[in-house]
Every structure is written in C-alpha cells, then in structure tokens.
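Chemist: next input, structure requested:
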Amino acid sequence: MDNNSTDYTSSEAEAEMEENNRGMALFQSNQNRFHKEKQPMSADSSCSSDPLVVESDNPCGGWKHTPPKDFVCPITTHLFVDPVTLETGQTYERKAIQEWLDRGNSTCPITRQKLHNTQLPKTNYVLKRLIASWKEINAGVVQGQYEDPHSKTNPLLNSTRPSSSPTSVIMSQAITHDMVTKLRLAITNLCMSEVLTESEMAVLQIERFWREANTEPEIQNMLSRPAVVNGFIEVLLNSIDPHMLMVTVFLLSELGSRDQGVIGTLARVDSNVQYVAALFKKGLLEAVVLIYLLRPSTASLVEMDMVESLLTVIKKKEEDLFGMCLRPKTAAVLLLGQIVGSTGEGNVSIIAQTLVSAKDIEAIVESLKADWVAERIAAVEILLRCVRKDGKCRNCIANSAELTLVLESLMGANDRERFTIVQFLYELVKLDRRTFNEQLLRIMKDEGAFSMMHTLLIYLQTALQEQRPVVAGLLIQLDLLVEPRRMSIYREEAIDALISCLRDSEFPTTQIAAAETIVALQGRFSSSGKPLARIFLLKRAGLDRGYKTLMRTEKLSNIFGESEENLEEERAANEWERKIAFVLVSHEFGLLFEALAEGLKSKHSELATACFVSSTWLTYMLNVLPDTGIRGAARVCLLKQFVSIFKSRKDIEDKALSMLALNSFVHDPEGLQDLTFHMKDMLKGLRELKKSSALASKMLRVFSEWHDLGPDLWKHKELIQVDCSVNGDVLSIICFKGKIFSGHSDGTIKVWSGRGSLLHLIQETREHTKAVTSLTVLQSADRLYSGSLDKTARVWAIEDEAIHCTQVYDMKDQVYNLIVANTVSCFIPQGAGIKVHSWNGGSKLLNPNKYVKCLALVHGKLYCGCSDNSIQEIDLASGTLCTIQTGCKKLLGKASPIYAIQVHDGLIYSAGSSLDGSSVKIWSTSNFSLVGSLQSTLEVRTMAVTSELIYLGCKMGIVEIWCKEKYSRVQILQTGSNGKVLCMSVNGEDVLVFGTSDGWIRVNSFLISKLRKNI
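Modeler: Have a look, this model is predicted:
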C-alpha cells in the first residue's frame, strides 16, 4: 500500500492499539484475518438479489426508521416545523432560512442560485400535513434526532467545501481532540496495515467518524489525501465482504462529491473505474453513484456494457438501497441519459427497445418528478428515444407523466437540453386521440411557474435553424387552444419561422423538418404517432379500398367507430383541422403556398413528398374555410404543379391526391378557366380514376358542362401584357391621350400605344441616371413630369409620337411620389416630412415629424399617408395641418403603413395592410369621419378609383376590383405573376393599366364592361 504521504509513526499506532481493538467490535461477523490480495466475491447479500452482501451489524437498511428525506430541513437537519419552499424549489425551515438571509446572503443555500425575491413565501401546508401524518405513525421518533443522509434537491454538493455549506454555517460542531486522535489511528491502519481485516475495520471506524462528525472540514481534509484514497481503493480491490465494499463505495462517493481531488486520484488509474464498474455489474448497485462521480466518457460507458445493471437500479425501490450522497436511481438515470444522448443510433435503438420491451418506461417516467433538474432532463432524453423507437409507448408516458416540473426545466437548461425537452413535448402530443392531445397542450400552456408560450417564443427567436420547425410547431398548437384570434404574435412568429425554414435551401434537413411539421399539424395520428394526413386525404379523394387497407395495417379501425366517444373524437379532430388550416393559409395572404410550391420542385424526394401532402391538404381545406380570396393565391402558386403531377405520376394515389387538390379550383371561374387549358391531358387520367373514385366522375361532369357553354364565357379574362424585366421593376405608370407612360427602376421611361391585343413601344429614353419613381401629367399644359432617385425632376413635352425633355430641376433630395400643381411640386424625400418645391427655386419642408409613404393633392389640400398608419391633411396656402387618422405603434413588431391614398368625389381612400381586417378605409373630406371600409385581407400597395369601381393592386400580382357604391368585391384579377402590383392607372372607365415588381406591364380593356353588368 502507498504510505509515503502519511504522517503517523508506528509508535503512535502502538500507543493507541487499545482503541483500535475496541473498534473491532464493529466487525464481529468477520473474525478471520486475510492478507491483502485480490480474491473472488461469493458471499450472499441481504440487501441485493445478487449474492454479494452478507449479514452485518450495520445493515444497508439502517436508515429505514429515519424520517423521509423531504421531511428534514437541510440546514437544521431536524424535521420541519414551518417549511417554506423557495423559488428554486428547495424547502427550508422558516427560521433557519430567515437567519441565512438576515446574514446578508441572497442565494439559495443548496443550489447557490440567485434569489430574485428574498421575501419568504407562505408555509408549505401540504408538506406540513404529510409530516404530521408521519409523526403520528412514528410516535417514538424524536424530532431532530436524525440527520438526513441525502440532499434535498441537488444531491451532490457541487464540490463545495463543507465549511461553506448551510449545515456547516449554521449547525457547525467542534471536533474533539480525542476524535481526531482516533481518526488518525484509523487512517494509519488503513494506509499502513498489511492485514486486510485491520484495514477493513479502519474503514468502518472512518465511516462512524464521518457520520458523527457531520462531515467537518478537518475530517474531510484528512480523508481526501491521495494516500488515504489509495487505501480505500486497496480495500475495494481486495475485500470480499459485500458490506465492506458498500461502505467503502459510500465513503469514496461522499468524499468525491465534495472534493474533485478525490475523483482525480480515483480516475488516475483506468483500472479503478473498470473495477468499480465490475462491482456494479456483479450486484453492488450503490457503486453506480461512484461511477457517475468519476464522469467516464460515453465511449467508456458503452464499452463497460452497464445498461442492464442501470435498468436494475432504476427499477429498484429506494428503501432497498444504501443511503448515498446521491440517490443511486438518480445516478443511473443520468448515466443512461448520457449513453442514449451521445452514442450511435444503433446502440440507442437497442437500449430503447430494451426499455420498451421490458416495460421499464414507467420507472423512467418517475424521474420526471425528480427534484434535481439534471435527472429530469436525462429522463426526458431517454423517453424521447423510446418514443421514437416505439411510438406506442407515448400513451403510457402521457398517462403517467407529470409535466409541470418538465416545463420548469426549460428555464436554465442549455440549448441542447432545451431542444430535447421541446422535442419530447412535441412528440408527446401525437396521440391517436385529438381530445387527449388537447388536454396535454392545455397542461403545457397553463401549468408551470412561467408562461410556456412566451418561453417558446423567445427560444424560437434564438434557436438554431434546424431546431426552429419543432419549436414553431409546438408554439402554433399551444396558440390554437382557443378560437384563432385575428392576430397573435406567437402564431405569426411561428408560421414565419416555418416558411423561412421551408425556403432555406442551404439546409435540406431543415426544409424537410418544416414540411413534415406542417403535415403533422393536421392533427390526426396513428397509435404509433405516425401522421395520417395522407391517409385521410386519400379517403376524401374516394380511394376507400386503399384507405381501409392502410387502416388495418395501422390497426386503427377501433378509433373510427360509431360510438358517441368516437364521434366526439371525430368532431374534435375536424374542428382542430379547420382552425389550423385557417391560420396557415391566412398568414400573409397565402404566403405558405409560395413556399410549398418551391418545395414541390425540390430534388429531395422527402421534401417534395411532404410539400405535396401539405399543399394538397391546405388546398382541399379551402373548400371548407370561408372564402377570403386565398383560393386565388393557391391557384397561382400550385395549380400548374398539381396538373403536372396529375399528368406525369404513375402512382394512383399521387394522381388521386392531385385530383383532390385540383377539385378545389373547379367551382372558381378563374380556376376552371385555367384548368380548361389542360383539360385534354387530364381527361384520360380522370377516366382511369373514375373506376375507383366518385370524385373523378364529378370532375368529368363539370368539364363536360363547361364544354357545352363554349369559350365566350371567358373573353373578359384576356390580358395585354409585355415583359420589361430587363429594365427592372415597373415603379410608375400613367395613361394620357391614348398613350401609356411607364417608369422603370433602371431610369428608363417608355412610351406605349395599344393596338388591337398588343402593346407597341413608341419610344424608350433613359435620361435619368437612377430609378424613375413617379410620373404625373399636368393636363392643362400637356406636360409629363418625372421624379427620380437621381435627385432631379424632369419636364417632358408630349407630342404625337414622342416625348422630349424641356427642363431639369435639381430637387436636392431623392424624389418619391412626385405630384405637381401649376406653380409647385410636392414630393416625398429620403427622410421625414414632405418637400414643397416652387418652380422658381424655393422649397420648404412640411410635416417634418412623419415618415410619409404616399401623397394626394386636390384643390390646394395635400393628403399624406404615413408609415405609422396616420393620415394628415395640409392646406398648402396656410400651412394648417389636420389629423384624419392618428398613428399607432407597430403591431406585433410589424409596421402598418399607408401605402396608397386617393381622393375622389369628396372621399379619401387610404390603403395599406389588413392587420385590423380592412385594407382600405374611406373618410369624408368635410369632417374626416370614417364612412366605410373594404374588408380585403390583402396588403394593398397601389390603388385607382373611378366613378364606379375601386382597383386595389396587391401582392402576388393580384388586383381586386370593388364596387364603389356597395363596398363589395366584384372580381379578383389573377395576373399569373408572383410580383407585387406597384403602380396602376385607369384611362377613363374601360382601360386598366398596372405594373409589377417583376417587370411586367399589363393592360385590361375587357373586364370593366363585364363587371359593370354584374354590379
């Protein structure tokens, strides 16, 4: 044995041999003396089913008459009289913790966490009643007689010195000289004796001193020296007494939990760790605590093959194990969590399968209620792997798990742990009954000490890209527990995140996760947690045979019977599907359809498949949801791709799904018109599907009826269009005397004339060096004015076949939205306010406190629409400013500007976003009262008003046409462009011209008369 560091002489040992002999009484059951050598272990155990531990005067159940650990204050070591539970989850005696705080401390004595509130809470009456019941049963137990062998929440002391622990600070006891002398003698025997039984007796003496001395610093320092630790190791290597082995492991664990130096000494020799693991696997279950303290690598844990023994500890009752500094079950769960969280998928799969097949899930679920956060998180890691291996076990977990503490574990967890918890919760709500899922979601939303939704929102904003789809999916579900509100910051952020991930082509796995999350949001799952969206869509498409086969495979026939309970489940599932589909398709007026359309084109089959199912589902749901014009957005993005899939796919199920989606457009005139271009190619496929799907027969009848009506029905849809994308965006456009003038982002101005069904370019000039942002005509002088970002305004003479520049004005600032009167011009500059520029050279700044987005000038009154949603009227003659609509703060962090303003027949029309449900508001010019609104759900970027109609230019190339008198929408014009409509002009009442952000100019000269008849 190593005795180089001991400071005791043999004469001192002889002088105290009598005391040594008295200590032998502690070891009467083992009279024979053995020289120290490695020997096999074969004795029986009274504490373990494994034949290891022999009967002893100090049995491992020696703590069975002590109060439960949760009944004892960790500061006073007495039974609670007035327990109070702090915000950290730790419970203390009121008087003791108050004294701790009165001395200037502001942390929790056990966890060392900063206390945000030092006002003590109310008494924990639940715990107090439990203690009273226990005292009645154990009437002979004197309060304060026992010390608790375990820590309350953090079982380890985090390597803190005992002198700074709460017990040492408040209840410190002096060590007598006699005790120190006896301990030194025991240490001498442990380190120097060549007789095994003497060393074993010394271990028992040290254990007694350790317990009696209340782990005083002096004793800990004496026992933590390498020579003493090596003495313990020698006993561990050579003893065959199971109880001796257990006591030695106990002491090494106690010392190691308080001093990392002890762990370093133990871990210095690899064989030490391996031998402790061997003892553990042979039945010394408490050794798992020491193994945990030694912090072996995951590779070492896998190599030592301890899973079966770890599961044995986890299933073991706590009272059957020796009292340790850390609960053996806690250590076992933490080690198992380390293994499943860091090893290869193959090993994890085997472990998860073992847990599921052995029905050990409930033992792991118990750890979700553990006081120590680390144990809870490890249990979550294990259960998550089990659910992924065998989804059917999620029902057992959902029925048994108490989620409150799991939710609280999110606070303070690191990024990996937080994501593990969110994944676990997300997987948990994939039960095969909708009502059960919603019950779990309500628990997640309402229980816990903090707002789960707010926590997830903050996490979503900082999460890694690959984590965001799962976080967003869970957040959306929590938000929809009530009927969807018009706006929700949680929902908006979550859907934005899903769309962003779906479009992130640099991370295909993230795209797939986002698409699969959307599929799962449909809300129907098999007993194993598999989404059933595709199965239900096939059923709706009329493929009953395939549906029934899949249902039998999943063994789901019992779920969809005709009992009252099952009917209630079906109603709940339908209601959930309606709510979730509505919020997904309504977001930013169908922006999700754009992202899904991009995903359908992906070369990654998983992504394309998930996007196909998602887009089919959401398109089908348009038939169920209120008509808000979103079908047009879906048609523009997806119709051609659905047609392509229907024509090209050989798989009958894919054909049926694309047919189901296309059927959503059949009753929409624009959709039917688009479908007729592909009718010839689709007829063959529909006839094939007619044999198995009634829906195919229905579509064939619709196409037949259309054929009888003839093509004249659609003449009003014809468009004249020209592609000017080489010149960039079409930023401004105006009609005058049979000509069309367009301004482009590269500084070009073009002049067009319409002949027949074509636009003919008359002239193209590029005298501006930067984008032409605005064009306006002063009709009294036949002059065209152009404003540009090159800080100039130009005046153009309009002649029969051309225009030419007659004058250039230096505006001193970039020009946006130029409007002209006889003697002055007004424009929006780069910064705040409006600049009024006299043609004589003078200028002034009006409305300097507002960032103006659009202008209108009528009869000397200037009307301003601003970025904060406010509207003002300014009298140019007097400078008087009147507020028509006050501004508002950004709603949900998003601006809500006024993008367009028009004044017509004594009314002011202002257009912007639809955050409050109305894109357009209508005001009286006389008293500024609100006289009406247009309930459009689109974001309007430009607007034109005639005597009968209002035209709204929106995102995705959509133009809405409204009846001016009835405030009702009479038509939606789909241009086939995904760009924004940036500018528009009406020539008289019959010609509508508009330009888009993707460089197209379109003219409609047929639609107006058709609509006027409908009005």
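
Chemist: distance-wise, check the spatially most central residue of the chain relative to residue 453.
Modeler: The centroid of the chain falls nearest to residue 471 when counting by Cα atoms, centre = their mean (1.5 Å). Distance, residue 471 to residue 453, using Cβ to Cβ, to the nearest Å: 11 Å. Using the backbone N, CA and C atoms, a C-beta is placed for each residue, glycine as well.

Chemist: just residue 411 next, same as before
Modeler: Distance, residue 411 to residue 453, by Cβ to Cβ: 14 Å.

Chemist: which residues does the top helix by length along the chain contact?
Modeler: Scanning the chain for the helix with the most residues, using DSSP state H, yields helix 564-586. Residues outside helix 564-586 that contact it (Cβ atoms under 8 Å, 6 or more residues apart in numbering): 433-435, 438, 476-477, 480, 483-484, 491, 495, 518, 521-524, 559-560, 592-593, 617-618, 621-622, 624-625, 628, 630, 634, 937.

Chemist: now a PyMOL select for only the buried ones of these.
Modeler: Of the contacts of helix 564-586, the buried ones can be selected in PyMOL as follows, counting by 16 or more other Cβ atoms under 10 Å:
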select buried, resi 433+434+438+476+477+480+491+495+518+521+522+523+524+559+592+593+617+618+621+622+625+628+630+634+937
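
Chemist: quick one, helices of the stretch 401-550 of the chain?
Modeler: According to DSSP state H, counting those that start in this stretch, the stretch 401-550 of the chain carries its helices in the segments 404-408, 415-428, 434-446, 452-462, 468-479, 489-502, 508-520, 533-540, 544-554.

Chemist: which of the residues in the fourth one are buried?
Modeler: Looking back up the chat, that one is helix 452-462. Going by neighbour count (16+ other Cβ under 10 Å), the buried part of helix 452-462 is 452, 453, 455, 456, 457, 459, 460.

Chemist: would TSV of these with distance to residue 842 and pLDDT be doable?
Modeler: Shown next, in TSV, are the buried residues of helix 452-462 (distance: Cβ to Cβ, whole Å; pLDDT from 0 to 100):
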residue	distance to residue 842	pLDDT
452	61	87
453	56	88
455	58	89
456	57	92
457	52	91
459	56	91
460	53	92
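
Chemist: pLDDT below threshold where in the stretch 201-350 of the chain?
Modeler: In the predicted model of the stretch 201-350 of the chain, residues 214-215, 320, 343-347 satisfy pLDDT under 70.

Chemist: thinking again about what came up before, what's the mean pLDDT across the next helix-or-strand element following the longest helix of the chain?
Modeler: Next along the chain after helix 564-586, taking DSSP states H and E as the criterion, comes helix 591-600. Taken as a whole, helix 591-600 carries a mean pLDDT of 94.

Chemist: so what touches helix 591-600?
Modeler: Where contact means Cβ under 8 Å, 6+ apart, the residues beyond helix 591-600 that reach it are 495, 498-499, 502-503, 511, 515, 518, 584-585, 607-608, 610-612, 614-615, 618, 633-634, 637-638, 641, 645, 956, 978.

Chemist: extract the C-alpha trace of that helix and format it as CSV.
Modeler: The C-alpha trace of helix 591-600 is given here as CSV (Å, rounded to 0.1, in the frame of the first residue of the first chain):
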residue,chain,number,x,y,z
LEU,A,591,-47.6,33.1,-48.3
LEU,A,592,-47.2,29.5,-47.3
PHE,A,593,-48.5,28.4,-50.7
GLU,A,594,-45.5,30.1,-52.3
ALA,A,595,-43.1,28.2,-50.0
LEU,A,596,-44.8,24.9,-50.6
ALA,A,597,-44.7,25.4,-54.4
GLU,A,598,-41.0,25.9,-54.2
GLY,A,599,-40.6,22.8,-52.1
LEU,A,600,-42.6,20.7,-54.7
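
Chemist: tell me what angle it forms with helix 508-520.
Modeler: Per axes from the mean of the first three to the mean of the last three Cα atoms, to 10 degrees, the angle that helix 591-600 makes with helix 508-520 is 130 degrees.

Chemist: list the contacts of the helix or strand that comes right after helix 591-600.
Modeler: Counting by DSSP H and E, the next helix or strand C-terminal to helix 591-600 is helix 605-621. Helix 605-621 is touched from outside by 502, 508, 511-512, 515-516, 518-519, 522, 533-534, 537, 540, 577-578, 581-582, 584-585, 592-593, 596-597, 599-602, 634, 638, 642, 645, 654, 657-658, 660-661, 663-664, with contacts defined as Cβ under 8 Å, 6+ apart.

Chemist: and helix 605-621, how far out from the chain middle?
Modeler: 21 Å (Cα atoms, centre = their mean, to the nearest Å).

Chemist: what mean pLDDT does that helix get?
Modeler: For helix 605-621, mean pLDDT is 95.

Chemist: chain center to stretch 971-979, what's the gap?
Modeler: 34 Å.

Chemist: swap in stretch 406-422?
Modeler: In this view, stretch 406-422 has its centroid 12 Å away from the chain centroid, taken as Cα atoms, centre = their mean.

Chemist: how about it: buried residues?
Modeler: For stretch 406-422, by 16+ other Cβ under 10 Å, it's 406, 407, 408, 409, 410, 413, 417, 418, 419, 420, 421, 422.

Chemist: dump the residue contacts of the last one.
Modeler: So the one you mean is residue 422. Residue 422 makes contacts with 410, 456, 459, 467, 470, 471, 474, as judged by Cβ under 8 Å, 6+ apart.

Chemist: the last one contacts residue 424, correct?
Modeler: The reference is to residue 474. No: Residue 474 is beyond contact range of residue 424, at 10.2 Å (criterion: Cβ atoms under 8 Å).

Chemist: now, of the contacts of helix 591-600, which are buried?
Modeler: By 16+ other Cβ under 10 Å, the contacts of helix 591-600 give 495, 498-499, 502, 511, 515, 518, 584-585, 607-608, 610-612, 614-615, 618, 633-634, 637-638, 641, 645, 956, 978 as buried.

Chemist: quick check: domain ranges of the protein?
Modeler: 72-123, 169-342, 356-433, 490-557+579-707, 717-1005 (the TED database).

Chemist: reformat these as TSV; add distance to residue 572.
Modeler: What follows is those, written out as TSV (distance: least, Cβ to Cβ, whole Å):
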stretch	distance to residue 572
domain 72-123	35
domain 169-342	34
domain 356-433	8
domain 490-557+579-707	9
domain 717-1005	27
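
Chemist: residues in contact with stretch 693-703?
Modeler: 541-543, 656, 659-660, 662-663, 666, 672, 675-676, 679, 682-683, 686-690.

Chemist: low-scoring pLDDT stretches of the stretch 51-200 of the chain, where are they?
Modeler: In the stretch 51-200 of the chain, residues with pLDDT under 70: 51-66, 139-177.

Chemist: now residue 992, nearest residue through space, not along the chain?
Modeler: residue 1004 (4.7 Å; Cβ to Cβ, 6 or more residues apart in numbering).

Chemist: that neighbour and residue 665, how far apart?
Modeler: Taking Cβ to Cβ, one finds residue 1004 at 21 Å from residue 665.

Chemist: which one's more surrounded, the two?
Modeler: When neighbours are counted by other Cβ atoms under 10 Å, residue 1004 and residue 665 differ, and residue 665 comes out ahead with 25 against 22.

Chemist: now do the contacts for the residue nearest to residue 879 when sequence neighbours are not counted.
Modeler: Among residues not flanking residue 879 along the chain, residue 846 sits closest, at 7.2 Å (Cβ to Cβ, 6+ apart). Listed by Cβ under 8 Å, 6+ apart, the contact partners of residue 846 are 833, 834, 835, 836, 862, 874, 879, 881.
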